[in-house]
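> got a sequence here, can you build the structure:
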Amino acid sequence: MENGAKNRYLWKILLLGDGSVGKSSIRSVFIGEEFKEMMRATIGADITKKTMDINGNMITYIIYDLAGQPHFEVVRDLFYLGAQGALLIFDITNKRSLYNIQGGWVKNLYRLAGHVPAVLIGNKIDLEAERTVTKEDVEELLKTILNNHTENLTYIETSAKTGENIEKPFIILGELILKMKNKQKRKIQTQTKHPRKSTIK
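Predicted structure coming up:
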């Protein structure tokens, strides 16, 4: 494999969250574009891609940046299908954007894409003085999501403006997806080696 990669993967991932939380800015900075103070609102979905090395595996992300405004909800549903993972993004200066992660974004993700791995992102830490979301708020949300859905979830804070931690959520998400797929592969191999005996006589 080129660059000594173990495997190559092509994965569809979603950027989810309310409008103006910084989804498009995170995507733009991640793919190497400059941060812009004013970003146009996403209509439907913006689709880009980037390849990165994660633990020796060459991962190509097809990134679907979904519009966050409520009136795009019907259009959004079509883009969830076939996703391998998601970044759930809220604004640390807007507590409502955190509550909406639990109130709709996570539910729709798991309903339409299945219990795929996800990373919860608190964006705009460059506005720390304006923070309204506390550590306790995030812990309570994580507890609720983990109890009701899946363990394939973790949390990180970022700033698209300064570039702080922008690559980390994508790396973490890749590691979570790899872990899940390896677990599924081992399960299939075990079932193949030790098939259940038929009880039909």
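
> on the three-state scheme, residue 82 is what?
The three-state assignment at residue 82 reads coil, by DSSP: H, G, I helix; E, B strand; the rest coil.

> phi and psi next, for the closest residue to it other than its chain neighbours.
Closest residue to residue 82 apart from its sequence neighbours, by CB to CB, 6 or more residues apart in numbering: residue 12 at 5.5 Å. Yep, even glycine has a C-beta here, placed from its N, CA and C like the rest. The phi/psi pair for residue 12 (degrees, to the nearest 10) reads phi -90, psi 120.

> show me the contacts for residue 12.
Shown in contact with residue 12 (CB atoms under 8 Å, 6 or more residues apart in numbering): 61, 62, 64, 82, 83, 84.

> beta-bridge partners for it, please?
On the basis of DSSP bridges, residue 12 is bridged to residue 62.

> follow the chain on from the worst-scoring helix or strand of the chain on mean pLDDT and name the next helix or strand.
Within the chain, no helix or strand scores below helix 73-80, which has a mean of 76 by mean pLDDT, DSSP states H and E. Proceeding N to C from helix 73-80, the next assigned helix or strand is strand 85-91, under DSSP states H and E.

> and that following strand, what does it pack against?
Strand 85-91 sits against strand 8-16, helix 23-30, helix 95-100, helix 106-113, strand 118-123, helix 168-193, with contacts defined as 3 or more CB pairs under 8 Å, 6 or more residues apart in numbering; DSSP states H and E.

> I'd say residue 54 and residue 177 touch.
No. Checked against CB atoms under 8 Å, the pair residue 54 and residue 177 is beyond contact range at 9.0 Å.
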